[in-house]
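K.L.:
Let's see this in three dimensions:
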Amino acid sequence: MEEQKLSRLQSLYLNNYKKLAIIPIIILILSVSFLFIQLSTKGYFIDKDVSLKGGISATISSDKDFNLIELEEKLKANFLDSDVSVRKLEDLTTRSSTGITIDITNAKSDDLKSFLEKEYNLELTNENFSIQEVGATLGESFFKELIRAVIFSFLFMSIVVFIAFRKLVPSIGVILTAATDIIATLAFISFLDVKLTSGGIAAFLLLIGYSIDSDMVLTTKLIKRESEAKLHERLTSSIKTGVTMTMTALAAVGVGMLITNSLVIKQIFLIIFVGLIIDLIVTYLGNGPLLIWYLKKHEKV
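P.N.:
Model prediction:
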């Protein structure tokens, strides 16, 4: 019964691979359209946090129960033309409040400290208050360097892929899949209104590596081992391996995202989690059909 079911799935995939390829194309078109809408209306593809935009990140260590919405509104009213983000810090085991973190642009550290002490009757010292200031120029420079690192890593991975397969269409398939993963994940994160951190850019670097890896597995089994088994057998073996790898990674990242108390780590896990799901769709509904078309046209299968 299981073999018959598997055979039907193989037949469904192989007979409709051109139709399935429409799904990743739609995802790419929607993602690019959304990013350009963001750029035209807001002036950026994705919003950046203080570490990339420049500003102040202040942490108050206290068990005081702050009303985060009220505090954020007061900060915006007092510091005009400033982007403000307030979040609560929690103990990992007890989930009790241990303080808050305030990210704010266009503000001076002394002014922020004075405002908090006066508004909430606090005595802020080196023991319960820390502040980190990032200049706008430094933040922008850091952002450009990270983006340059992403571009160069993608470029060199593309060269390695082409050298590995020495065939244009399979190499383009791997590169396009990785590019779609990055663009679609970026669009989804921007849609969620997540402020990108330096750790988030590192997550995109990890996502590039994983996307290339999963597509290399698929392409190697279909292209480099065409003499070992029939097409549907190679395809099934590749999908089983790739899906198992991705589901294992999703489980690990999902657990990490739920238990971590660090916003930076949570964002890294979120980007990887979203990217892995998109990679599953784009790899096996996009690159897979492209390779099947290529093999049917150029090889005897």
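K.L.:
In terms of residue numbering, what are the domains of this protein?
P.N.:
Per the record, the chain has its domains at 2-48+138-298, 55-134, by automatic domain parsing.
K.L.:
Would you agree residue 63 is in contact with residue 88?
P.N.:
No: judged on CB atoms under 8 Å, residue 63 makes no contact with residue 88 at a distance of 11.3 Å. Where C-beta positions appear, they are placed from N, C-alpha and C, glycine not excepted.
K.L.:
just to confirm, which helix or strand has the most centrally placed residue in the chain in it?
P.N.:
By CA atoms, centre = their mean, the chain has its centre lying nearest to residue 271, at 2.7 Å. Residue 271 belongs to helix 263-282 when assigned by DSSP states H and E.
K.L.:
helices or strands next to that helix in the packing?
P.N.:
helix 22-42, helix 168-191, helix 198-219, helix 231-259 (3 or more CB pairs under 8 Å, 6 or more residues apart in numbering; DSSP states H and E).
K.L.:
Distance from the chain centre to stretch 9-19, please.
P.N.:
Stretch 9-19 has its C-alpha centroid displaced from the chain centroid by 30 Å (CA atoms, centre = their mean, to the nearest Å).
K.L.:
Give me the buried positions along that stretch.
P.N.:
10, 13, 17 (16 or more other CB atoms under 10 Å).
K.L.:
So the first one is in contact with residue 232, correct?
P.N.:
In other words, residue 10. Yes: assessed by CB under 8 Å, residue 10 is found in contact with residue 232 at 4.6 Å.
K.L.:
Name the residues contacting each of the two.
P.N.:
The contact sets of residue 10 and residue 232 do not overlap (CB atoms under 8 Å, 6 or more residues apart in numbering).
K.L.:
Tell me the helix or strand right after the helix or strand bottoming out on mean pLDDT in the chain.
P.N.:
Across the helices and strands of the chain, mean pLDDT, DSSP states H and E gives its lowest value to helix 2-15, namely a mean of 65. Downstream of helix 2-15, the first helix or strand assigned by DSSP H and E is helix 17-20.
K.L.:
now the buried residues of stretch 9-19 as JSON lines including distance to residue 258?
P.N.:
JSON lines is the format used below for those (distance: CB to CB, whole Å):
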{"residue": "10", "distance to residue 258": "36"}
{"residue": "13", "distance to residue 258": "33"}
{"residue": "17", "distance to residue 258": "36"}
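K.L.:
For residue 38, state which of those is nearest.
P.N.:
residue 17 (32.7 Å; CB to CB).
K.L.:
and the gap between the closest one and residue 11?
P.N.:
Per CB to CB, to the nearest Å, residue 17 is found 11 Å from residue 11.
K.L.:
The helix or strand hosting residue 158 - contacts with which helices or strands?
P.N.:
Using DSSP H and E, residue 158 maps to helix 136-165. Where contact means 3+ CB pairs under 8 Å, 6+ apart, helix 136-165 is packed against helix 50-53, helix 168-191, helix 198-219.
K.L.:
Quick check: mean pLDDT of it?
P.N.:
The pLDDT scores in helix 136-165 average 73.
K.L.:
what's the answer for stretch 210-217, then?
P.N.:
Per-residue scores along stretch 210-217 average to 83.
K.L.:
For residue 167, grab phi and psi.
P.N.:
phi -130, psi 130 (degrees, to the nearest 10).
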